Structures are given as structure tokens and as C-alpha cells.
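Peer 1: sharing a model that was predicted from the sequence below.
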Amino acid sequence: MRPITPGYCFLITCLLFTMNSRAQTQQQTCNGSLGDPVIHQDFGSGTNPGGPLAAGITDMLYSTDNCPVDGSYTIANSLTGSANTHPYTWHNVTADHTGNPNGYFMIINANYNPSVFFTQTANGLCPNTYYFFSAYILNLMIPGPITATFHHPDITFSIETTSGAVLQTLNTGTIEALSSPKWVQYGVGFTTPADVTDVVVVMTNHGEGGNGNDFLLDDITFQACGPIIKEGFGSTNGPSSISLCQGSNATNILQTQVVGNGTPSYQWQSNNNGTGWVDMNGETNSSLTVVTTNAAPGVHQYRLGVANGSAISVVSCRVYSPPLTIYVNPLPVVPPIGDQTVCESHTLQLTAQGGAGYVWTGPNMSPTSQNPLVINNVTPANAGLYSVVALSDSGCTSAPVKVNVNVIPIVVATVSNPAITICAGDKAPLAASGGLYYKWTPSTGLDHDDIPNPIASPLTTTKYTVHVSNGGCTDSSKTVTVTVNQNPVADAGSPIVLFEGQSATLKGNVTGDNITSYSWSPTTFLSDPNSLTPIATPTDNITYTLTAISQTCGTATSSVFIRVYKKIIVPNTFSPNNDGINDHWNIEALFTYPQCSVLVYNRYGQQVYQNVGYAKPWDGTFNGSPLAPGTYYYIIDLKNNTPKITGWVLLVR
């Protein structure tokens with residue numbers, strides 16, 4: 001074993017193993033800090049099967065079969081149903097050593113003879129630096145009577161120079177089969193000689209193949225191993241992570257302590273939001289001050305790299321402290337909450353989203369974490385502006401979200417006058433109050449049915465109901481009865497025709513409400529002017545007027561005309577002899593019938609006289625010549641819908 005240079009002892013005195021001649025054959029671990037792997041073979045992840053390894057890594061043959069034959073390998077993320085090929089001999093394995101069900105591992109069915117199954121070169125190493133070479137191995141054999149005589153893996157880890165000189169080895173010895181599949185890490189450490197910067201790591205299987213000696217391989221690493229590094233926020237015993245809220249400002253001091261001897265050099269690295277570790281300019285002390293201003297959401301990690309002297313500039317020479325993490329948690333975002341309108345005595349419910357907890361404030365209430373915020377039996381005092389702040393799981397608070405609540409008061413419908421009396425044809429104003437919206441039914445006789453004060457002019461007595469609401473709330477209603485008194489109506493009857501000396505009964509009729517009196521005028525020739533049906537005996541044409549009086553709705557009149565025809569007296573003899581006595585056929589009162597017609601015929605039916613109105617009596621001539629004495633026949637039509645007057649007249653000379 002190469003002697004260790006005292007100037008670099010701090011890198012290895014922290015390790016919990018002793019470097020002596022027996023260490024080459026005993027499993028070792030790195031109990032200090034590790035550097036980033038120079039070699040890291042985890043075989044990747046994906047669906048079965050995985051692709052072959054790069055050329056030069058293994059001498060075994062690649063197979064796509066999940067159960068490769070002796071001397072071959074495959075890459076897979078699971079090994080199940082193996083009993084089909086290896087009945088009762090292989091374990092079922094469903095994940096790589098980290099538990100990732102998609103993570104690949106290498107399935108190795110050993111050669112019949114001992115063979116090298118993994119080789120890889122590590123370049124750019126630092127001299128006099130301690131490195132650790134390890135891998136996870138799982139024996140596939142299921143212990144039992146069938147496998148009792150089977151061979152088992154016996155693997156040597158070897159670290160060699162590029163020229164083949166062996167620098168360090170570890171032999172695992174026989175890796176026994178276990179009753180349940182178990183990944184076991186095997187490793188070996190060594191210190192690079194002063195003149196070595198590149199090494200080759202080699203894994204050789206000394207077990208025989210053909211009957212057993214089948215195993216899985218995962219996570220092969222080669223990395224620097226150094227002292228224990230204590231670290232924390234504020235002190236080396238402080239927490240390894242802290243949380244901030246988006247937008248906050250903070251100053252944090254990250255403290256470290258390297259446990260060991262020597263004079264280490266330092267280099268802080270940062271890794272923001274998983275973009276990768278990068279050196280921080282000028283940050284080469286054992287402590288780091290991180291100033292955060294208006295913090296943006298994300299994960300910010302810091303770690304201290306430790307190496308000897310100028311070797312700190314080579315990343316493969318460093319070991320690193322576990323990361324110290326600042327979590328900047330986003331503020332919860334509460335979606336806008338629409339303004340609410342709720343009816344008095346109903347339930348108000350306001351629901352916020354976007355947080356793990358909430359604090360509501362509002363009118364006449366103490367802050368509460370209730371969500372949804374429920375207020376039963378609301379009153380106008382609950383109206384106003386409400387505000388909610390959301391809390392995240394990490395204790396960050398959102399910007400307040402405000403919502404305005406309008407409480408619609410309970411409707412108390414009123415009407416100014418529940419009973420109104422009008423006369424037919426008149427108008428009456430209705431008036432209601434107590435809400436925002438109004439609906440009158442029926443709408444008959446109203447100028448509007450959706451306003452608080454419509455004008456009513458019904459023809460008959462009507463009960464109106466007004467429904468009052470405040471928009472979606474329970475409404476209320478009131479009624480207004482409009483009583484319509486019918487106006488007085490007088491009907492004096494149809495015109496009457498009679499002859500002088502006759503009488504007729506007037507046929508008056510009066511309708512309407514609250515009639516107090518009726519009478520005829522003039523009273524002349526009437527039997528009773530205060531009767532609706534008096535007897536009239538006028539001697540001349542006359543008009544009678546019937547007047548009706550209502551106590552509530554005024555006066556009404558109606559008139560009837562009585563046509564009094566004069567009595568017609570037709571002489572049956574006249575003597576047109578110019579003696580001045582009875583020379584003309586004078587028909588008394590016939591002139592009072594200006595539309596009448598008079599026709600006279602001789603005994604042969606010849607018309608000898610015709611006249612209308614009879615303004616000039618007949619003088620017994622025909623076409624200007626005297627007619628012979630004798631009997632003549634007449635027809636008189638008074639043109640008043642009375643029967644025609646007929647008879648004879650004797651003309652005497």
C-alpha cells in the first residue's frame with residue numbers, strides 16, 4: 001500500500017475504517033463526505049428491454065431476453081415470471097435498488113469460467129486523494145433444495161492504473177443467496193498515488209457459471225471520499241433547510257465545520273431550481289451569507305466543496321457537504337370570488353379556493369378560519385365588504401381577495417289605500433311600496449302592471465293584487481279593491497206617433513248605481529212626471545226629457561219625441577160651380593202632412609187628380625177642364641206609416 005502524505009491526512013482520517021493489509025479483502029464504506037461521481041452507471045430508466053451498454057464496458061453478450069443465457073446480460077427494469085426459464089431458482093424483482101419501478105439494472109447470467117463483466121476508466125483524478133468505488137449487487141438465487149449445490153457470485157472489485165498495475169482490490173467472497181431479494185452495496189476505497197490521474201475500475205466474477213451464479217448489478221459509482229462536513233443554517237447544529245415565502249426578504253448564514261486534520265480549501269456551489277451545481281464566485285470561506293430579496297418561488301440549494309489546497313479547483317478532487325436548502329414557497333392564489341346578493345333571513349355562503357387554510361374577515365364579525373364562510377339568517381348588518389386571505393401548507397399568505405355582499409331586506413308590502421271608489425270611466429291612482437319590483441294582477445284596466453303606482457280605470461269593480469319583491473327573494477302581496485259605481489243612464493224610449501186626441505204611455509228606463517230620483521219634463525199633458533211610464537196626451541208635437549240623478553255619479557238625461565198628427569176629415573161632397581160655397585174639396589188638416597199624396601180616379605179607374613202636400617185643394621177639374629158631376633174615388637197616403645185613407649167623393653154641379 002502506498003504511504004499517505006501527511007499534508008492530505010484530513011481527507012481520510014474521518015473514515016470509519018482502517019487502511020491495512022486486510023482491508024483489501026474486506027468490504028469498505030465511505031462514512032465521510034462524497035464528491036460528485038467520476039463514474040456513475042445507473043443504466044438509466046424506461047421500458048423493457050433497455051439498450052446495450054457502450055462498447056468496452058463489458059465482455060458479455062447483450063440479449064433482449066429478460067432471462068439471458070449463460071455468458072450474456074440484458075438491461076431491464078423488472079425480472080418477473082422467471083420460473084418459466086429458471087423454475088424455482090430466480091427471485092422476482094420489480095424495481096431497481098432505489099425502488100424506482102422504471103429504473104434499469106443489469107441482469108447477468110455468468111460465464112462458465114471466471115470473467116470480467118464490468119470495466120470503465122475514471123479520468124482527471126487528483127493525486128493523493130482518497131476515492132471510493134462501489135456497486136449494488138443482488139443474488140438472484142432462491143435458497144432451497146434445488147439451489148443448494150448452485151454456484152454463487154464471488155466478485156472482485158479492482159482499481160488499476162491504465163497500464164494494468166493493481167492499486168487496490170476488494171473481494172466480496174461468496175455472496176450468499178437470501179430468502180427474499182435484497183440489494184447489497186459493496187465498495188472499496190484507495191488513495192491515488194502522486195503520479196496517477198487516471199484509473200480503471202474492474203469487476204471480475206470468480207464464480208463458475210452454468211449452474212447458478214446469476215445476479216443483478218446497479219448504481220456503480222467512483223467518487224472522491226473525504227471528511228465529515230457538519231453544516232446548518234445559523235450554526236452547524238442548525239436545520240438543513242428553511243422555508244421562505246414568495247416576495248420575502250431574508251439574510252441567512254450557512255455555517256460548516258470540517259471534521260478532520262489538515263488545511264482544506266473551500267468552494268461554495270449553488271443549484272437553483274435543479275439547473276445543476278455551479279461554483280459561486282468568491283465564496284471560498286467555510287460560511288456563506290445568502291441575501292434573499294423579493295424571493296421568487298423555487299428551490300435554492302447550497303453546498304460546500306472541500307479539497308486540499310489548489311486541488312479545490314478540480315471538481316473531481318472535491319467532496320461536498322449535504323445540500324442546505326432554501327425553499328421559496330409560492331403565495332397561494334385565490335381565484336376571484338364574485339359579488340354576492342343574498343336575501344335577508346337566508347344563508348350567506350362564501351367559498352375560497354387555492355389555499356390550505358383561510359382567514360375571513362367582514363362586517364360585524366370576528367376573523368374566522370371557517371371555509372366556506374357560512375352565515376345563517378343574514379340581516380342587513382351582514383352587508384358590506386368581506387376579505388379572505390389564503391394560507392399555504394408552508395404558512396405563506398395570499399393577497400387579500402375581496403367580495404362585496406349585498407343583503408336584500410325582507411319585503412314588507414304596503415298600499416296607500418286598499419279600497420277606492422270611482423265612477424265608470426274615471427281613473428284612480430294605485431300606490432304600493434316596500435320592494436324593488438312590482439307586479440299587479442289582473443292587468444285589465446291598468447296603464448302599467450309592473451310599476452308601484454299604476455293608474456286604474458276598470459269598467460267594473462275589480463280587486464287588484466300587487467306582488468312586491470326585491471329580486472329573487474320571497475315576495476309579499478297586498479290587495480286594492482277598486483269599486484266602480486255605474487253612471488246613471490236614462491232611456492226615454494223610442495219616438496212615438498199618435499193622432500190628435502190619442503194618448504200614449506212613455507216607456508222610460510233608468511240604470512246605474514245609487515239612483516236617488518228621476519222625472520220627466522215638461523210635465524204638460526203627463527199623468528205623473530215622476531213615473532217612468534206616465535201617460536201622455538199631447539195635442540201637438542212635443543219632446544219629453546227623462547232626467548236621472550245618482551247620488552255618486554251625477555245626472556243623466558234622455559229625450560223622446562211624440563209626433564201628434566192632426567185629425568183628417570175628408571168631405572164626401574163638394575160643388576165646384578163658382579158660387580163661392582163649397583167650390584173646392586177642402587180636406588181639413590191635410591196640409592199638416594207635407595209629404596202626403598192625394599190620388600182621385602173616375603169610375604172607370606182613370607186618374608183625374610194627383611197632388612203632393614195638398615197645399616191647394618182640388619177644384620174638380622182635370623187638365624184644366626171641369627169634370628162631369630158624379631162619384632169619384634180617392635186614395636190618400638199620409639206618408640207617416642199609417643194606413644192609406646180611401647173612399648169616395650160626390651162632385652155636384
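Peer 2: Structure's in. What do you need? Residues are numbered from 1 along each chain as shown.

Peer 1: just the strands in the stretch 251-400 of the chain please.
Peer 2: 264-272, 278-279, 288-292, 298-308, 319-320, 324-329, 340-343, 348-350, 357-362, 365-368, 373-375, 384-391 (DSSP state E, counting those that start in this stretch).

Peer 1: figure out which of the ones you listed is closest to residue 605.
Peer 2: Closest approach to residue 605 among those (C-beta to C-beta): strand 340-343, 100.9 Å. Quick note: C-beta positions are derived from backbone N, CA and C, even for glycine.

Peer 1: just checking, what packs against that closest one?
Peer 2: strand 348-350, strand 401-408 (3 or more C-beta pairs under 8 Å, 6 or more residues apart in numbering; DSSP states H and E).

Peer 1: adding mean neighbour count, mean pLDDT and distance to residue 532, write the ones you listed out as a markdown table.
Peer 2: What follows is the helices and strands packed on strand 340-343, written out as a markdown table (neighbours: other C-beta atoms under 10 Å; pLDDT from 0 to 100; distance: least, C-beta to C-beta, whole Å):
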| stretch | mean neighbour count | mean pLDDT | distance to residue 532 |
| --- | --- | --- | --- |
| strand 348-350 | 18 | 96 | 71 |
| strand 401-408 | 17 | 95 | 61 |
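
Peer 1: domain assignment for this structure?
Peer 2: 6-226, 228-329, 340-408, 414-485, 489-565, 573-651 (automatic domain parsing).

Peer 1: what about the closest residue to residue 251 other than its chain neighbours, distance to residue 254?
Peer 2: Nearest residue to residue 251 in three dimensions, chain neighbours excluded: residue 291, at 5.1 Å (C-beta to C-beta, 6 or more residues apart in numbering). Note on residue 291: its distance to residue 254, by C-beta to C-beta, to the nearest Å, is 12 Å.

Peer 1: distance check, the spatially closest residue to residue 359 that is not a sequence neighbour against residue 382.
Peer 2: Once flanking residues are discounted, residue 359 sits nearest to residue 389: 4.9 Å by C-beta to C-beta, 6+ apart. If you measure residue 389 against residue 382 using C-beta to C-beta, the figure is 20 Å.

Peer 1: ok, now residue 158?
Peer 2: 81 Å.

Peer 1: can you check residue 131 too?
Peer 2: 72 Å.

Peer 1: higher neighbour count, those two?
Peer 2: residue 131 (29 against 18; other C-beta atoms under 10 Å).

Peer 1: what sits against residue 177?
Peer 2: Residues near residue 177 by C-beta atoms under 8 Å, 6 or more residues apart in numbering: 139, 141, 142, 143, 147, 150, 152.

Peer 1: go with 10 Å
Peer 2: By C-beta atoms under 10 Å, 6 or more residues apart in numbering, the contact list for residue 177 reads 89, 91, 139-144, 147-148, 150, 152-153, 212, 215.

Peer 1: can you flag the buried ones in the residues you listed?
Peer 2: Taking 16 or more other C-beta atoms under 10 Å as the criterion, what is buried in those is 89, 91, 139, 140, 141, 142, 147, 150, 152, 153, 212, 215.

Peer 1: and which of these is nearest to residue 500?
Peer 2: residue 91 (145.6 Å).

Peer 1: what sits closest to the closest one if chain neighbours are left out?
Peer 2: Among residues not flanking residue 91 along the chain, residue 181 sits closest, at 4.0 Å (C-beta to C-beta, 6+ apart).

Peer 1: test my guess that that neighbour contacts residue 80.
Peer 2: No - applying C-beta atoms under 10 Å, one finds residue 181 not in contact with residue 80, separated by 11.3 Å.

Peer 1: what do these two both touch?
Peer 2: What both residue 181 and residue 80 touch, as defined by C-beta under 10 Å, 6+ apart, is the set 90, 91, 92, 93, 94.

Peer 1: low-confidence ranges, the stretch 201-350 of the chain, go.
Peer 2: For the stretch 201-350 of the chain, the stretches with pLDDT under 70 are 261.

Peer 1: let me fix that: the stretch 451-600 of the chain
Peer 2: Ranges of the stretch 451-600 of the chain meeting pLDDT under 70: none found.

Peer 1: quick one: the helices in it, in order.
Peer 2: With DSSP state H, counting those that start in this stretch, there are no helices along the stretch 451-600 of the chain.

Peer 1: how about the strands in it?
Peer 2: 455-456, 462-469, 476-485, 489-491, 496-499, 504-505, 509-511, 515-521, 535-536, 542-550, 554-565, 573-574, 597-601.

Peer 1: buried residues in the third one, which are they?
Peer 2: Which is strand 476-485. 476, 478, 480, 482, 483, 484, 485.

Peer 1: now do the same contact list for the fifth one.
Peer 2: With contact taken as C-beta under 10 Å, 6+ apart, residue 483 is in contact with 419, 420, 421, 422, 428, 458, 460, 461, 462, 463, 513, 552.

Peer 1: do the same with residue 453
Peer 2: 416, 429, 430, 431, 432, 433, 438.

Peer 1: now, of those residues, which are buried?
Peer 2: For those, a burial check counting by 16+ other C-beta under 10 Å picks out 430, 432, 438.

Peer 1: ok, of the residues you listed, which one's closest to residue 273?
Peer 2: residue 438 (62.9 Å).

Peer 1: the nearest residue to the closest one once chain neighbours are set aside - how many residues pack around it?
Peer 2: Spatially, and ignoring its direct neighbours in sequence, residue 438 is nearest to residue 452 (4.9 Å; C-beta to C-beta, 6+ apart). Residue 452 is flanked by 19 other residues according to other C-beta under 10 Å.

Peer 1: next, residue 452: phi, psi?
Peer 2: The phi and psi values for residue 452, taken as degrees, to the nearest 10, are phi -70, psi -20.
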